[in-house]
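Enquirer: need a 3D model of the sequence below.
(one chain, ligands or ions: 3)
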Amino acid sequence: MEKTIAVLPGDGIGPEVTEAAVKVLQSIAMRYGHTFHLKQAAIGGTAVDQFENPLPQETIEVCEASDAILLGAVGGSKWDRNPAHLRPEKGLLNIRKHFDLFANIRPVKAIPALLGSSPLKQEVAKEVDMVIVRELTSGLYFGEPKQRSEEAAVDTLVYTRKEIERIVDQAFEIARTRRGKVTSIDKANVLETSKLWREVMEERMTAYPDVEVEHMLVDSAAMKLITDPRAFDVMVTENMFGDILSDEASVITGSLGMLPSASVRSDGFGLYEPVHGSAPDIAGQGKANPSAAILSAAMMLRHSFGLHTEASAIEAAVMGVLDDGYGTGDVMRNGKGIVSTEKFVTKVIEELERELVSEHIMYAYV
Ligand SMILES: NC(=O)c1ccc[n+]([C@@H]2O[C@H](COP(=O)([O-])OP(=O)(O)OC[C@H]3O[C@@H](n4cnc5c(N)ncnc54)[C@H](O)[C@@H]3O)[C@@H](O)[C@H]2O)c1
Ligand SMILES: CC(C)[C@H](C(=O)O)[C@@H](O)C(=O)O
Ligand SMILES: [Mg+2]
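Expert: Ligands and ions are numbered 1, 2, ... in the order given. Reported below is the predicted structural model:
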């Protein structure tokens, strides 16, 4: 298979984890006989420094000419005082909007080797297997007016019926391939957008009689996620709630550094990005966990290219290295087996080159 992939490293640990994912993709290409043309382009703070634009036109063109996008992370204190249009995060929001990547899919699955790093009891943590489906191109992030004066500031929360329909449909479709349950998270006791959200959920569920539907208020969902995450199969929610709940969910798997994500639209085109940010506190020190970025690359192979075997091989290799007792500092809390970002990737590639143990092949994200 021949594919072009836009690679947008971004800021902080973004370049470190993206380089790791690229090495793994190159190893997959060699092993399975594919050609991946990797085209690097600027986004975020680095793009602001170079082009005075967090999402330069040149980057959009590279992405438009590609079959999928792999992104590291954006942001850092250097740009914190920039005006809104020159903030690194604006580049990320703009690229999601430009490509209409309305569905952010964030799988949260127990990682056998890391059960000890989870704050939950092992018997609870080991059964966690859920997918957060987060609406990504609307809501509070994009609503107008969005403005501020010296004395006041305004953000606007708007959702249209169409925007809700397409994201809940996506959640129903995913649930059908899994345990058949969708939990819709809202704040329908207060917010008009949530009341509409619940109404649309009720309408759309008639088209999916095989899927069980549950409504939950976001505050109690935040609690349930920590007390009994096994109750969730597919969780669907609006942009802001999904952002917060997915970082919360990451602790269940041991570290934010483990959580991959896919930001996709209906035709299969997607941007693949770790859930974590640019982690300025550890940038440039070889401490970043590249797993989320590597697993995001695996999601890209599966979702955008239909390369299921290759995606599973990557997931198995990451799990294999962790099973062998190696990981970056964020997941090896007892201090043993800590390796650098680079060493971890080398081990993942060695694992890929070995015959993979069949039980690992069963470990697949959505
Ligand atoms: N998708 C993105 O590009 C994205 C996502 C979230 C935050 N951000 C931006 O990143 C910057 C920093 O934000 P933050 O500190 O709140 O969140 P963060 O996700 O960057 O970091 C939170 C904590 O998790 C740790 N961490 C994150 N990823 C890790 C990894 N791969 N390996 C090991 N440890 C990891 C960090 O060291 C930090 O202690 C901000 O500018 C924010 O806007 C960007
Ligand atoms: C950096 C920020 C704009 C972004 C978001 O809120 O969507 C991030 O937190 C994420 O989860 O991808
Ligand atoms: Mg976030």
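Enquirer: show me how far the longest helix along the chain is from its chain's centre.
Expert: The longest helix of the chain (DSSP state H) is helix 14-32. Chain-centre distance of helix 14-32: 17 Å, with Cα atoms, centre = their mean, to the nearest Å.
Enquirer: I'd like the average pLDDT over the helix or strand following it.
Expert: Later in the chain than helix 14-32, the nearest helix or strand by DSSP states H and E is strand 35-40. Strand 35-40 shows a mean pLDDT of 98.
Enquirer: show me what the following helix or strand past strand 35-40 is packed against.
Expert: Counting by DSSP H and E, the element after strand 35-40 in chain order, helix or strand, is helix 45-51. Counting contacts by 3 or more Cβ pairs under 8 Å, 6 or more residues apart in numbering; DSSP states H and E, helix 45-51 packs against strand 2-10, helix 88-98. All C-beta atoms are positioned from the backbone trio N, CA, C, and that covers glycine.
Enquirer: which among the ones you listed is found nearest to residue 226?
Expert: Ranking the helices and strands packed on helix 45-51 by proximity to residue 226 (Cβ to Cβ) places helix 88-98 first, at 26.8 Å.
Enquirer: list the helices and strands the closest one packs on?
Expert: In terms of contacts (3+ Cβ pairs under 8 Å, 6+ apart), helix 88-98 is packed against helix 45-51, helix 57-64, strand 68-73.
Enquirer: check whether it comes near ligand 1.
Expert: Yes. For helix 88-98, a contact with ligand 1 is found by Cβ under 6 Å from any ligand atom, at 89, 92.
Enquirer: from one end of stretch 78-91 to the other, what's the distance?
Expert: This stretch, stretch 78-91, spans 15 Å end to end (Cα to Cα, to the nearest Å).
Enquirer: residues contacting the residue nearest the centre of the chain?
Expert: Nearest to the mean C-alpha position of the chain, counting by Cα atoms, centre = their mean, stands residue 261 at 2.1 Å. Contacts of residue 261 were listed using Cβ atoms under 8 Å, 6 or more residues apart in numbering, and they are 104, 105, 106, 246, 272, 273, 274, 275, 296, 299.
Enquirer: just to revisit the earlier point, so which of the helices and strands packed on helix 88-98 comes closest to residue 288?
Expert: strand 68-73 (9.4 Å).
Enquirer: what residues does the protein have near ligand 1?
Expert: So the chain meets ligand 1 at 13, 17, 73-76, 89, 92, 256-257, 273, 276-282, 288-289, 292, 328, 330 (Cβ under 6 Å from any ligand atom).
Enquirer: give me the residue from the stretch 101-250 of the chain nearest ligand 2.
Expert: Of all residues in the stretch 101-250 of the chain, the one sitting closest to ligand 2 is residue 243 (4.3 Å; Cβ to the nearest ligand atom).
Enquirer: is it true that that residue touches residue 135?
Expert: No. At 10.3 Å, residue 243 and residue 135 do not qualify as touching, with contact defined as Cβ atoms under 8 Å.
Enquirer: between those two, which has more neighbouring residues?
Expert: The neighbour count for residue 243 versus residue 135, taken as other Cβ atoms under 10 Å, is higher for residue 135 (26 against 20).
Enquirer: the more buried one is in contact with residue 240, isn't it?
Expert: No. Taking Cβ under 8 Å as the definition, residue 135 is not a contact partner of residue 240, at 9.3 Å.
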